[in-house]
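Asker: This is a predicted model, with the sequence first.
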Amino acid sequence: MTPPSSTTPLPVSWLWILALLTAVGPLSVDMYLPDLPAMTTEFGAAPSTTQMTLMTFMVGMATGQLVGPLSDRWGRRPLLLAGTVLCTCAGVACALAPSVELLAMFRFLQGFGGAAGVVLSRAIVSDRAEGAAAARIFSLMMIINGAAPIAAPLIGGGLSGLIGWRGVFWILTGLAAVMVLGATFVLSETHPASARSTTGRGSTLREGKNVLGNRHYIGYTLAFAFGFSVMFAFISASPFVLQTILGLSTVSNGIAVAANAFGLLAMNAVNAKIVGRFGQRRLLATGVGLLLSFSILVLADAIIGPTIWVMLPLLWCTVSSLGLVVANSTSLALDQVRRLAGTGSAMLGLLQYTLAAIVSPLVGVAGSATAVPMAITMAVCALVAVGAFLCTREPHSHQGRV
């Protein structure tokens, strides 16, 4: 199969497979969360021990980003196949795990293997598209895989009473098998041997330093990661902010979270439609500006005393504005390091998951009776995202790209 060129859109089949590869994270987390109490009962373990299965998965996702630099030397497809096969085998092991300790270990392997799909899907897009075309593809991928965090909790909650948590892991195994088939029969190599680094480990380290030394790449990467952290702060705090403080029921909380997700998807659709006309930088500037403005308003309402009819629309606008941030910052960052797109994608993912681990506990430092820590975290992250973008104001030079 001949890979699509950078001047033509990716085939629809490629788009669906790449979206599935990037959706492995939310699917593998949200689908099994409703079953944590049942797992705790079955294994006779403490809740904190069972929750380790979530932590080890996230650690696996973070460390698995390291396959990105390797793909710059060995190609995307071999590592993608290895990662998806590992994710599938680990899913089988999770479904059959006899103890919570082994389940936690298998979850690490599941996350490590699934990370290959996340990091390499971005590199594949960067191999075959750049500029507004790449931003459009990233937006379309976000629309497709953005349904995952909406559907996964509903599917997991609905199936937990029918097939149990082991059945949920069998479903995740089946999805991983689909990824293997897609990587085998749909996707083809996008990083030809002629474009790969053939030098030793020392040269690979130097190339990594070149990536980190590209100021425009760092600026766009920080804008991406800190912009995304705004949403992580909201997601981490949403149970007690929406229910404990604003008084929403469990059902209403689910509707509110889904509404925010739909807003993000809608803005990604708008971005895909207009990026060719307005350009990535202009839309990214608009996105981080809106993100900071609404985050400050969220902070003001949290300090005054949050009211449901003010806080909910502000949170919706904040999350929705990320639709102008994520795809454009990703595309602009990887455009700066096209020859080392695997390394560039790995840095994006590693920073994203690291910041998520840092941000999540910050939103609850003052307890569950106030939304101020969440709002402060959101505003600070949005401010850093704006500052990072401003660091890229100088005209781009092709000579600075690697």
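Answerer: Right, received. Where do you want to start?

Asker: could you list every residue that touches the nearest residue to residue 59 once chain neighbours are set aside?
Answerer: Leaving out its chain neighbours, the residue that sits closest to residue 59 by CB to CB, 6 or more residues apart in numbering is residue 108, at 6.2 Å. For the C-beta atoms, the positions are set from N, CA and C on the backbone; glycine is no exception. For residue 108, the set of contacting residues under the criterion of CB atoms under 8 Å, 6 or more residues apart in numbering consists of 56, 57, 59, 60.

Asker: I'd like to know how far residue 108 sits from residue 87.
Answerer: Distance of residue 108 to residue 87, computed by CB to CB, to the nearest Å: 12 Å.

Asker: what do the two both touch?
Answerer: Counting by CB under 8 Å, 6+ apart, residue 108 and residue 87 have no common neighbour.

Asker: so which of the contacts of residue 108 comes closest to residue 355?
Answerer: Proximity of these to residue 355, judged by CB to CB, is greatest for residue 59, which lies at 14.4 Å.

Asker: Name the SS class of that closest one, please.
Answerer: Taking DSSP: H, G, I helix; E, B strand; the rest coil as the rule, one finds residue 59 in the helix state.

Asker: How is the protein divided into domains?
Answerer: Under the assignment named as automatic domain parsing, the residue ranges that make up the domains of the chain are 12-196, 210-393.

Asker: Could you provide those domains in CSV, with additional columns for mean pLDDT?
Answerer: Shown next, in CSV, are the domains of the chain (pLDDT from 0 to 100):
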stretch, mean pLDDT
domain 12-196, 82
domain 210-393, 87
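
Asker: which residues in the protein form strands?
Answerer: When secondary structure is read from DSSP state E, the chain shows no strands.

Asker: check contacts around residue 268.
Answerer: With contacts defined as CB under 8 Å, 6+ apart, the neighbours of residue 268 are 139, 140, 142, 143, 146, 323, 326, 327.

Asker: Sitting in helices, which of those residues do you find?
Answerer: Using DSSP state H, the subset of the contacts of residue 268 located in helices is 139, 140, 142, 143, 326, 327.

Asker: which non-adjacent residue is nearest the second one?
Answerer: In space, not counting the residues next to it along the chain, residue 140 is nearest to residue 272; the distance is 5.5 Å by CB to CB, 6+ apart.

Asker: Any figure for the gap between that neighbour and residue 330?
Answerer: Separation of residue 272 from residue 330 (CB to CB) stands at 13 Å.

Asker: shared neighbours, these two?
Answerer: Shared contacts of residue 272 and residue 330 (CB under 8 Å, 6+ apart): residue 135.

Asker: Between these two, which is the more surrounded one?
Answerer: For residue 272 versus residue 330, the count of surrounding residues by other CB atoms under 10 Å is larger for residue 330: 29 against 21.

Asker: does the more buried one really touch residue 122, like I thought?
Answerer: Yes. Using CB atoms under 8 Å, residue 330 makes contact with residue 122 at a distance of 6.5 Å.

Asker: Would you mind listing the residues touching both of these two?
Answerer: 138, 348.

Asker: if we can go back for a sec, tell me the contacts of the residue nearest to residue 140?
Answerer: With contact taken as CB under 8 Å, 6+ apart, residue 272 is in contact with 135, 136, 139, 140, 143, 327.

Asker: what's the farthest-apart pair in the residues you listed?
Answerer: Taking CB to CB as the measure, the contacts of residue 272 reach their widest spread between 135 and 143, a distance of 12.9 Å.

Asker: neighbour count winner among these two?
Answerer: Set side by side, residue 135 and residue 143 show more neighbours around residue 135, with 28 against 21, by other CB under 10 Å.

Asker: Assess the claim that residue 164 and residue 38 are in contact.
Answerer: Yes. Under the criterion of CB under 8 Å, residue 164 lies in contact with residue 38, with a separation of 6.7 Å.

Asker: all helices for the stretch 151-300 of the chain, in order.
Answerer: Secondary structure of the stretch 151-300 of the chain, counting by DSSP state H, counting those that start in this stretch: helices at 201-212, 215-238, 250-278, 280-304.

Asker: which stretch among those comes nearest residue 50?
Answerer: It is, among the helices of the stretch 151-300 of the chain and with distance given as CB to CB, helix 215-238, at 18.7 Å.

Asker: and the angle from the closest one to helix 250-278?
Answerer: Our comparison of helix 215-238 with helix 250-278, counting by axes from the mean of the first three to the mean of the last three CA atoms, to 10 degrees, yields an angle of 160 degrees.

Asker: Give me the angle between helix 215-238 and helix 280-304.
Answerer: Between the axes of helix 215-238 and helix 280-304, defined by the same axes, to 10 degrees, the angle is 30 degrees.

Asker: In helix 215-238, which residues are buried?
Answerer: Of the residues in helix 215-238, those with enough neighbours to count as buried (16 or more other CB atoms under 10 Å) are 216-238.

Asker: what's the spacing between residue 116 and residue 297?
Answerer: According to CB to CB, residue 116 and residue 297 sit 39 Å apart.

Asker: Of these two, which one has the most company?
Answerer: Neighbours were counted for residue 116 and for residue 297 using other CB under 10 Å; residue 116 has more, 30 against 19.

Asker: Sounds good, over and out.
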